[in-house]
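**Q** Fold the following.
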Amino acid sequence: MGNQQDSTGQVFVLDLNALKEAPPSASEPGSLSAPGNATRIVGFTDNNTGKGPQYITPATIKTTTNGIPTEVRFLLSNTLDYNRGTDTVILPLNPDGSFSGEAKATSILKGMSDKLSNFLGNKYQMNIQRSQGAVYYYDKLTKTECALVADYHMIFNNPGYADGSMFGKQEGGKVGIIKNPFDEKPEYLGSTTPIINASIKDLRISSDGKSLWGNINYWAEIGDTNPPSSDILSWNLDKLIKAANKHSLTLQDSPRPIPFDRTRTDTTNLQIPEATPKKLDYGWVFGMVNNVAD
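**A** Here you go, the predicted model:
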């Protein structure tokens, strides 16, 4: 994956079962060749999408009732597609699991967050400004799929940064949740409370499926001599999903919605304790990977 800032990048999907070991040579020992049926280049919907592709996450393989595979699905984050950088990628499969068609990417944030169309006027900035790490989660209770996306928020990317219109607004790193991302009409449930002066880079689900981990980086402001430390945030995944469904943008039906991890009354506006993350003191973390025991 890679691209210039103003152009669509390229994303490749490889069928590892179809790769062939090339005869070893002095210049290329142990190399692999990729025949045409083993590779696909992801196609984007138009030239204004697919900028800065950086994270691709395996989601699921769709099968028939008889267990025959029909397509493989991924989540893709394009960091430079501001406010619409989360895509689904679907690649058709033959019955034996080999590639049978073209890989197509579809933006699932573009045009779907009607509740946030006037997000610059909201106190809480719940747009996923700069999509980064994403995870796929199947909610067994509601039998729905979810895409959880990290926002590596950069304050200077907001349109109102230069003219001061962000004054009094709460913006920063957050986690957005998209319900049924592979459906024709996915639903953006909303986001966690934006964390001021912070960006969330990676997301991982713990091996036991109980926790969502987020790699958070804090940025010191001018004159800030004691900024918070960069660490790992840990959410109770079940409680977070339940909060997102219970307090979704659609159910709030408000011109000024709040993050789904909060409750609001006439006199209070508080975070829900069980949907609030705990901070794990690991310091600045470059990346995360799951370690699943055999």
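**Q** From the opening residue of stretch 236-252 to its closing one, how far?
**A** End-to-end distance of stretch 236-252: 22 Å, with C-alpha to C-alpha, to the nearest Å as the criterion.
**Q** what residues does it touch?
**A** By C-beta atoms under 8 Å, 6 or more residues apart in numbering, the list of residues contacting stretch 236-252 from outside reads 113, 115-116, 126, 137, 139, 142, 146, 175, 177, 179, 187-190, 192, 205-206, 209-212, 257-263, 272, 274-275. Using the backbone N, CA and C atoms, a C-beta is placed for each residue, glycine as well.
**Q** Try it again at 7 Å.
**A** Outside stretch 236-252, the residues that touch it by C-beta atoms under 7 Å, 6 or more residues apart in numbering are 115, 139, 142, 146, 177, 187-190, 205, 209-212, 257, 260-261, 272, 274-275.
**Q** Check the gap between the residue lying closest to residue 196 once chain neighbours are set aside and residue 268 for me.
**A** Residue nearest to residue 196 in three dimensions, not counting chain neighbours: residue 172, with 4.7 Å by C-beta to C-beta, 6 or more residues apart in numbering. Per C-beta to C-beta, to the nearest Å, residue 172 is found 22 Å from residue 268.
**Q** who's more crowded, those two?
**A** Neighbour tally, residue 172 and residue 268, criterion other C-beta atoms under 10 Å: the higher count belongs to residue 172, 22 against 8.
**Q** I'd like to know which of the contacts of stretch 236-252 are buried.
**A** 115, 139, 146, 177, 187-190, 205, 211-212, 257, 260-261, 272, 275 (16 or more other C-beta atoms under 10 Å).
**Q** Which of the residues you listed fall within strands?
**A** Those of those mapping onto strands are 139, 146, 177, 187-190, 205, 211-212, per DSSP state E.
**Q** who are the neighbours in contact with residue 203?
**A** Taking C-beta under 7 Å, 6+ apart, we find residue 203 in contact with 133-135, 148, 150, 175, 212-214.
**Q** pLDDT at residue 22, what is it?
**A** With respect to pLDDT, residue 22 scores 69.
**Q** Run me through the strand neighbours of the helix or strand of the chain with the lowest mean pLDDT, direction for each.
**A** One helix or strand of the chain scores below all others by mean pLDDT, DSSP states H and E: strand 32-33, with a mean of 72. Partners of strand 32-33 in the sheet, by DSSP bridges, are strand 20-21 (antiparallel).
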